[in-house]
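S.K.: Okay, predicted coordinates and the sequence, questions at the end:
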Amino acid sequence: MDILALDLGTSSVRGLVLDTGAAPRPGALARRKVRLTVDDDGTGTLDGPTYLACLAECLDELATGGHLRDVGLVAVSAQWHSVLPVDRAGEPLGPVLTWLDTRPEPLAGATGPADEAAYHRRTGTWWHRCYWSVRLPWLRERTSTPPARFIGLAEFVLGALLDAAPMSVSEASGTGLLDLNTLTWDAEACELAATGPGELPELAPDGWRGRLRPEHARRWPQLTDAAWAAPVGDGAASNVGSGAVGPGRAAVTVGTSTAVRLVQAAPAGAELPPLPAGLWRYRVDHEYVVTGAAYSSGGNLFAWAGRELRLPEGAELDAALARIAPGGGVSANPRFGGDRPPGQAPAGSGELRGLSLDTGAVDILAGLMSGICRLVATNLTELESTVDGPVEVVLGGGALAASGWWRESFAAVLAPRRVRYRPDPEIGATGAARVALGRLDEPVALRDIGRTDEVASATPSGPRGPQYPS
């Protein structure tokens with residue numbers, strides 16, 4: 001049996017086929033770029049119907065290439081925190097609000113949790129613009145039609161394809177409304193969000209499986225009998241895909257954004273591990289939790305620098321960076337996209353300091369990358385306070401695959417810890433497959449998947465519907 005692994009990312013949607021050992025089959029990869037609408041006011045949105053069309057293109061490409069004929073299981077890695085208001089027919093009332101959107105704020109006169117520490121322990125989150133406790137009231141005031149329900153990007157996409165699309169406990173934990181121990185919607189969090197259970201997605205039970213709707217089975221007949229597993233939050237999937245499962249190994253993943261995370265066993269109903277005040281906690285599935293910190297900057301900074309600073313490319317850029325010591329470059333605050341929780345800095349908080357007439361574009365790029373390394377180092381120390389001693393670090397993600405200097409900088413800044421690199425650009429998709437198979441802590445042999453390029457979508461990727469006013 002082969003596994004189709006889908007990655008519903010922020011900058012692209014991807015599909016790849018894995019063998020029964022969760023190793024990618026060479027060449028069986030389809031990717032489509034998606035356009036994230038961003039603005040200086042903190043906007044960070046995706047168009048849901050366009051995103052769905054891009055995923056369909058990926059499935060069409062894989063089907064045409066004959067890659068879906070032996071697929072028996074579909075696994076999904078999906079971004080956390082996204083939210084979309086829909087009407088009674090399930091139609092979007094606006095764009096998908098992604099994790100990158102920093103506009104939501106508490107309504108005038110609103111107050112937060114009665115006991116912030118207890119709220120943090122239960123939900124793993126804070127009363128923060130990233131979570132539905134703040135986002136839902138903000139969205140209600142900006143939709144002309146009162147929303148009937150709120151769903152995430154994964155539920156919108158899978159709801160269009162499958163016979164049912166309940167929200168996984170992993171995705172639900174990213175909303176900030178889930179009690180991580182009881183795996184039910186938290187009453188106080190729902191009160192803060194001014195929402196009732198009927199307006200939230202149904203929660204998927206342990207072991208849930210879905211099936212393609214008949215009309216889509218006719219389009220992709222190879223997937224007619226395939227079982228679809230409940231989605232896994234992208235950060236949790238990346239940890240599993242990089243082999244960072246257990247208290248002795250943390251993962252540092254750099255894709256569009258950056259995160260440092262630790263996965264630990266914590267079955268539903270069992271006592272949860274200690275949670276430092278500055279770290280979040282979400283669910284991998286019903287048996288594991290993931291604890292860590294995330295930053296809005298990562299590969300998006302690399303892309304920004306390449307576009308705006310007229311950097312050299314390829315071997316020329318590598319040679320220029322090699323002249324700078326790992327962890328060096330100008331002094332930089334890389335928070336261009338603002339803070340992820342619990343921080344409150346808005347988009348546009350990045351800084352460059354200590355510039356001189358000798359400062360070049362490559363010095364600025366190096367400083368930005370080194371700045372992210374130092375943010376990670378601070379939170380990694382907090383993570384280590386919950387386990388016995390220093391942890392081993394596994395680096396992964398597409399942005400690190402593109403820069404050997406960045407990998408060396410992480411090793412230098414995180415020393416004396418042992419730092420290793422997992423050269424797999426699709427760790428999120430492969431991690432989701434391992435979760436679906438129930439083999440989180442088993443090593444998986446990696447092989448080159450042959451190509452990682454993105455094909456431009458034939459579907460227009462700009463905004464197609466009304467935007468939310470700021």
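M.R.: That came through, no problem. Numbering: from 1, shown residues only.
S.K.: Doesn't Arg25 lie inside a helix?
M.R.: No: Arg25 is assigned strand when assessed by DSSP: H, G, I helix; E, B strand; the rest coil, not a helix.
S.K.: Could you pull out the helices in the stretch 251-400 of the chain for me?
M.R.: 299-308, 314-322, 361-384, 398-401 (DSSP state H, counting those that start in this stretch).
S.K.: for the stretch 101-250 of the chain, same thing?
M.R.: Using DSSP H, counting those that start in this stretch, helices in the stretch 101-250 of the chain cover 116-123, 132-140, 153-161, 169-173, 187-192, 214-219, 234-241.
S.K.: what sits up against the second one?
M.R.: The reference is to helix 132-140. Identification of contacts with helix 132-140 by C-beta atoms under 8 Å, 6 or more residues apart in numbering yields 83, 85, 94, 97, 103-107, 110, 125, 127-129, 146-147, 150, 175-177, 189, 192-195, 468. All C-beta spots, glycine's among them, are computed from the backbone N, C-alpha and C.
S.K.: residues in contact with stretch 101-118?
M.R.: Residues contacting stretch 101-118 (C-beta under 8 Å, 6+ apart): 41-45, 97, 119, 126-127, 129, 134-135, 137-139, 141, 188, 192, 277, 337-338, 346-347, 468, 470.
S.K.: how about a cut-off of 6 Å?
M.R.: Outside stretch 101-118, the residues that touch it by C-beta atoms under 6 Å, 6 or more residues apart in numbering are 42, 44, 119, 127, 129, 134-135, 137-138, 338, 346-347, 470.
S.K.: for stretch 197-212, same thing?
M.R.: The contact list for stretch 197-212 (C-beta under 6 Å, 6+ apart) reads 149, 151, 155, 162-164, 166-168, 172, 185, 223, 227-228, 230, 286.
S.K.: Mind giving me the PyMOL command for buried ones among the residues you listed?
M.R.: Of the contacts of stretch 197-212, the buried ones can be selected in PyMOL as follows, counting by 16 or more other C-beta atoms under 10 Å:
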select buried, resi 149+151+155+162+166+167+168+172+185+223+228+230+286
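S.K.: Pretty sure Glu61 sits against Leu29.
M.R.: No: using C-beta atoms under 6 Å, Glu61 makes no contact with Leu29, being 9.0 Å away.
S.K.: more neighbours, the two?
M.R.: Leu29 (25 against 17; other C-beta atoms under 10 Å).
S.K.: For that one, I want the exact helix or strand it lies within.
M.R.: strand 24-33 (DSSP states H and E).
S.K.: Give me the buried positions along that strand.
M.R.: Pro24, Arg25, Ala28, Leu29, Ala30, Arg31, Arg32.
S.K.: give me phi/psi at the nearest residue to the last one once chain neighbours are set aside?
M.R.: Spelled out, it's Arg32. Nearest residue to Arg32 in three dimensions, chain neighbours excluded: Cys54, at 4.0 Å (C-beta to C-beta, 6 or more residues apart in numbering). Per-residue torsions, Cys54: phi -70, psi -40 (degrees, to the nearest 10).
S.K.: try the one 3 residues further on
M.R.: Recorded main-chain torsions at Glu57 are phi -60, psi -40, according to degrees, to the nearest 10.
S.K.: okay, now it: neighbour count?
M.R.: By other C-beta under 10 Å, the burial measure for Glu57, its neighbour count, is 19.
S.K.: circling back to that earlier point, of the buried residues of strand 24-33, which pair is most distant in space?
M.R.: The most widely separated members of these, counting by C-beta to C-beta, are Arg25 and Arg32 (19.1 Å).
S.K.: Residues contacting the least confident helix or strand in the chain by mean pLDDT, please?
M.R.: Least confident helix or strand, the chain: helix 398-401 with a mean of 87, by mean pLDDT, DSSP states H and E. Contacting residues not belonging to helix 398-401 are listed as Val254, Gly255, Gly298, Gly299, Phe302, Trp406, Arg407, Pro425 [C-beta under 6 Å, 6+ apart].
S.K.: Stretch 149-158 too?
M.R.: 8, 48, 52, 78, 82-86, 96, 136, 165, 167, 171, 199, 201, 231.
S.K.: For Ala75, what is the enclosing helix or strand?
M.R.: Per DSSP H and E: strand 71-78 holds Ala75.
S.K.: what packs against that strand?
M.R.: Here strand 71-78 touches strand 2-8, strand 227-229, helix 427-437, going by 3 or more C-beta pairs under 6 Å, 6 or more residues apart in numbering; DSSP states H and E.
S.K.: Adding distance to Trp208 as columns, could you present the ones you listed in CSV?
M.R.: Putting the helices and strands packed on strand 71-78 into CSV (distance: least, C-beta to C-beta, whole Å) gives the following:
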stretch, distance to Trp208
strand 2-8, 16
strand 227-229, 8
helix 427-437, 11
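S.K.: and Tyr282, which of those is closest to it?
M.R.: Between the helices and strands packed on strand 71-78, helix 427-437 lies closest to Tyr282; by C-beta to C-beta that is 13.1 Å.
S.K.: okay, now the domains of this structure?
M.R.: Using automatic domain parsing, the domain ranges for the chain come out as 2-234, 243-423.
S.K.: Those: lowest mean pLDDT?
M.R.: Of all these, the minimum mean pLDDT falls on domain 243-423 (a mean of 93).
S.K.: Switch the domains of the chain over to CSV; also include distance to Leu440.
M.R.: As requested, the domains of the chain are exported to CSV (distance: least, C-beta to C-beta, whole Å):
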stretch, distance to Leu440
domain 2-234, 10
domain 243-423, 5
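S.K.: So which of these is nearest Gly431?
M.R.: Closest among the domains of the chain, using C-beta to C-beta: domain 2-234, at 6.5 Å.
S.K.: The closest one: end-to-end distance?
M.R.: One end of domain 2-234 sits 21 Å from the other (C-alpha to C-alpha, to the nearest Å).
S.K.: Tell me which of the helices and strands packed on strand 71-78 is the most buried.
M.R.: helix 427-437 (a mean of 30; mean count of other C-beta atoms under 10 Å).
S.K.: Okay, angle between that helix and helix 234-241 too, please.
M.R.: Counting by axes from the mean of the first three to the mean of the last three C-alpha atoms, to 10 degrees, helix 427-437 points 80 degrees away from the direction of helix 234-241.
S.K.: Ala30 and Val13, how far apart?
M.R.: 9 Å (C-beta to C-beta, to the nearest Å).
S.K.: for Cys373, same thing?
M.R.: Taking C-beta to C-beta, one finds Cys373 at 29 Å from Val13.
S.K.: Same drill for the two, tell me which one is more crowded.
M.R.: Just comparing Cys373 and Val13: by other C-beta under 10 Å the higher neighbour count belongs to Val13, 27 against 21.
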